[in-house]
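[1] build me a structure from this.
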Amino acid sequence: MRTPILNGLGQALRWLRERQEKKQYQVADSAGITKGMLSAYETGRQRPSLETLEKILGTLGCDLNDLHNAIQIINGHPEGMRRRGEGVGEEAAEPSPPAAEGGAGRSEVQRVIGRSLPAAEEKALGEMLDGFHKFLRYLHGTIEQALRRRDEPADDISS
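    Model prediction:
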């Protein structure tokens with residue numbers, strides 16, 4: 001049984017990749033997976049681990065917010081897209097603010113914490129979450145670089 005929040009995950013990954021005009025092999029190589037695995041993720045035959053998903057998104061220059069918005073578009077619910085506090089991308093700039101649409105348009109922050117916040121607090125919380133995601137991606141990249149550097153000297157010594 002599929003989890004509703006992940007319906008369209010593979011199609012969303014393909015949509016994000018194609019918007020950047022990248023081929024599967026390019027993304028797969030950069031993310032450290034095979035082209036066949038990326039194809040399996042994009043077609044929905046398999047689900048990537050969170051770590052692999054982060055690598056794919058990092059290769060595409062995207063984050064979880066971008067993936068969420070792509071899933072909303074794929075599933076035909078653009079009104080569910082999330083806005084960013086700063087650096088609004090083209091695809092995220094189009095929808096109207098969810099809070100302005102009444103009860104059915106509750107923002108993601110409102111759904112997660114279970115209550116409404118003043119607009120300024122909600123915006124600040126959204127910006128903090130965006131910053132936290134950027135920080136996690138930075139740490140992930142730093143750790144990967146350190147691991148690669150740790151493994152490289154052994155190759156250099158034998159050369």
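[2] where does the chain have low pLDDT?
    For the chain, applying pLDDT under 70 flags the ranges 1-6, 78-80, 83-114, 133, 153-159.
[3] cutoff 80 now
    Low-confidence regions of the chain, defined by pLDDT under 80, span residues 1-7, 76-159.
[4] can you give me the strands in it?
    For the chain, no strands are identified by DSSP state E.
[5] for it, what spans make up the helices?
    Remark: helices of the chain, listed N- to C-terminal, are 9-19, 24-31, 35-43, 50-59, 64-74, 90-93, 108-113, 119-158; assignment by DSSP state H.
[6] export those to CSV and tack on mean neighbour count and distance to residue 81?
    In short, each C-beta sits where N, CA and C put it, glycine included. Conversion of the helices of the chain to CSV gives the following (neighbours: other C-beta atoms under 10 Å; distance: least, C-beta to C-beta, whole Å):
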stretch, mean neighbour count, distance to residue 81
helix 9-19, 20, 12
helix 24-31, 17, 23
helix 35-43, 18, 21
helix 50-59, 18, 16
helix 64-74, 20, 4
helix 90-93, 12, 6
helix 108-113, 14, 10
helix 119-158, 12, 13
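[7] okay if I get those as a markdown table plus distance to residue 82?
    Formatted as a markdown table, those follow (distance: least, C-beta to C-beta, whole Å):
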| stretch | distance to residue 82 |
| --- | --- |
| helix 9-19 | 14 |
| helix 24-31 | 23 |
| helix 35-43 | 22 |
| helix 50-59 | 15 |
| helix 64-74 | 5 |
| helix 90-93 | 7 |
| helix 108-113 | 6 |
| helix 119-158 | 8 |
